[in-house]
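Enquirer: Okay, sequence plus prediction incoming.
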There are 2 protein chains.
Amino acid sequence: MKISINADYMLRAVFELAQSKSDKPIPISQIAKSQHIPSKFLEKLFRRLKQYDIVKAIKGKNGGYFLKHKPEEITMHQIIQAAEGQVKIHNCLERSKETTCRNIDNCIFREFWHKFNIHIDEFLKSYTLNDFLTSK
Amino acid sequence: MKISINADYMLRAVFELAQSKSDKPIPISQIAKSQHIPSKFLEKLFRRLKQYDIVKAIKGKNGGYFLKHKPEEITMHQIIQAAEGQVKIHNCLERSKETTCRNIDNCIFREFWHKFNIHIDEFLKSYTLNDFLTSK
DNA sequence: TTAAAACATACTAATTTAGTAGGAATTTGT
DNA sequence: ACAAATTCCTACTAAATTAGTATGTTTTAA
């Protein structure tokens, strides 16, 4: 029930892109420095952000990253999902994984976990990057 | 963002107490067996449940555990809290711990995490053990 | 052609989670 | 009185996850 540091790093990194007024891409080195995140580690996180369609990369010298969408189109849910993979609160809710539950079919708690998960998702979807920009 | 196995174990164990019609305390060995949880491990979890005032213990032969309160008075929040300690979604929200955030005082995201936490807590408080008993 | 950037993969360290071992203390039934 | 079944206690270990490094290759602008 903890948010990983990854999610925190990614959120702050993406927020920095959102804040940028520049028309040039922002390199990882710059974000790593201003957010005190190990640069090589942040690289890896950006690749995840790219996979999840949140940022786009410009390669080569003077390259870097842009947001791929407008801040108001990027939800917290997307960012946290990029950081942690599909956000499933309980193994019960993931197909492939072994559940700790033996009586899978009529597990009494499964519906509860499912509702809990929906509750969380909806909260996360209700916030976009823009909410943080304007709050400043 | 995952519920620990502990929480799952504890929930199922406590549910089994709630279901019991007997006026005798239920020993750990019995629950361990029916729920396929290592007995010694479950012992430890029960001590946590006791600390958090969810169950009461009867020592000695023919001893075991009872729920300390009525099922409708025991919330999911209490159980998960017993399992995972204070449920804080982000280190930002815990006093003592070092935050990853450098600008602690005016961190833009803190309020978001806080609201998220409240959202989760309220959901968990809205369910009691009784909800699972009756659904059966 | 050099420098600065993204991209890729494999490794390591640190931390957390899950589980075990080996008992001591308590209580009941015989 | 004593054996058995129980909770209670502490320390240890194993497994898994998370966080971070190392060592590059590839791409592109100046």
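Expert: Great, that's in hand. What you are looking at is a predicted structure, and each value in this text was computed from that prediction instead of being measured.
Enquirer: On the pLDDT front, check the residue nearest to the spatial centre of chain A for me.
Expert: Nearest to the geometric centre of chain A sits A:Ile79, at 1.9 Å (CA atoms, centre = their mean). pLDDT for A:Ile79: 97.
Enquirer: Show me what secondary structure element comes after the helix or strand encompassing it.
Expert: A:Ile79 is part of helix A:76-84, with elements assigned from DSSP states H and E. Where DSSP H and E defines the elements, the next helix or strand beyond helix A:76-84 is helix A:110-125.
Enquirer: Now look at stretch A:75-82 and say if it contacts chain B.
Expert: Yes. Contact between stretch A:75-82 and chain B, assessed by CB under 8 Å from any CB of the partner chain, occurs at A:Met76, A:Ile80. Heads up, the C-betas are built off the backbone N, CA and C, glycines and all.
Enquirer: Can you list the neighbours in contact with that stretch?
Expert: A:3, A:7, A:10-11, A:14, A:48-49, A:51-52, A:54, A:87, A:121, A:124-129, B:1, B:112 (CB atoms under 8 Å, 6 or more residues apart in numbering or on different chains).
Enquirer: ok, A:Leu67 touching A:Val55?
Expert: Yes. Using CB atoms under 8 Å, A:Leu67 is in contact with A:Val55, at 5.9 Å.
Enquirer: joint contacts of those two?
Expert: A:Val14, A:Leu17.
Enquirer: what about these two, which has more around it?
Expert: The residue with more neighbours, out of A:Leu67 and A:Val55, is A:Val55; 25 against 19, by other CB atoms under 10 Å in any protein chain shown.
Enquirer: Relative to A:Ala13, how far out is that one?
Expert: Distance, A:Val55 to A:Ala13, using CB to CB, to the nearest Å: 9 Å.
Enquirer: shared neighbours, these two?
Expert: A:Phe46, A:Leu49.
Enquirer: what's the domain layout of chain A?
Expert: A:1-85, A:87-127 (automatic domain parsing).
Enquirer: The last one and chain B, any residue contact?
Expert: Yes. Domain A:87-127 comes into contact with chain B (CB under 8 Å from any CB), by way of A:87-91, A:100-102, A:108-109, A:111-113, A:116, A:119-120, A:123-124, A:127.
Enquirer: next one: stretch A:33-53
Expert: Yes. Using CB under 8 Å from any CB, stretch A:33-53 reaches chain B at A:Gln35, A:His36.
Enquirer: what about A:Thr75, how many neighbours?
Expert: 19.
Enquirer: Looking at A:Gly85 now. What's its pLDDT?
Expert: pLDDT, A:Gly85: 86.
Enquirer: Tell me the spacing between it and A:Glu73.
Expert: 21 Å.
Enquirer: one step back: out of the domains of chain A, which gets nearest to DNA strand D?
Expert: For the domains of chain A, the distance to DNA strand D is smallest for domain A:1-85, at 2.0 Å, taking CB to the nearest atom of the strand.
Enquirer: Ramachandran coordinates for the residue lying closest to A:Asn117 once chain neighbours are set aside?
Expert: With sequence-adjacent residues excluded and distances taken as CB to CB, 6 or more residues apart in numbering or on different chains, A:Asn117 is closest to A:Ile89, at 4.8 Å. A:Ile89 has phi and psi values of phi -70, psi -20 when expressed as degrees, to the nearest 10.
Enquirer: residues near A:His36, how many?
Expert: The number of residues packed near A:His36 is 11, by other CB under 10 Å.
Enquirer: Then the one 3 residues further on?
Expert: Neighbours of A:Ser39 under the rule other CB under 10 Å: 13.
Enquirer: residues contacting it?
Expert: A:Ile28, A:Ser29, A:Ala32, A:Lys33.
Enquirer: Using JSON lines, lay out those residues together with pLDDT.
Expert: Below are the contacts of A:Ser39 laid out as JSON lines (pLDDT from 0 to 100):
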{"residue": "A:Ile28", "pLDDT": "98"}
{"residue": "A:Ser29", "pLDDT": "98"}
{"residue": "A:Ala32", "pLDDT": "97"}
{"residue": "A:Lys33", "pLDDT": "96"}
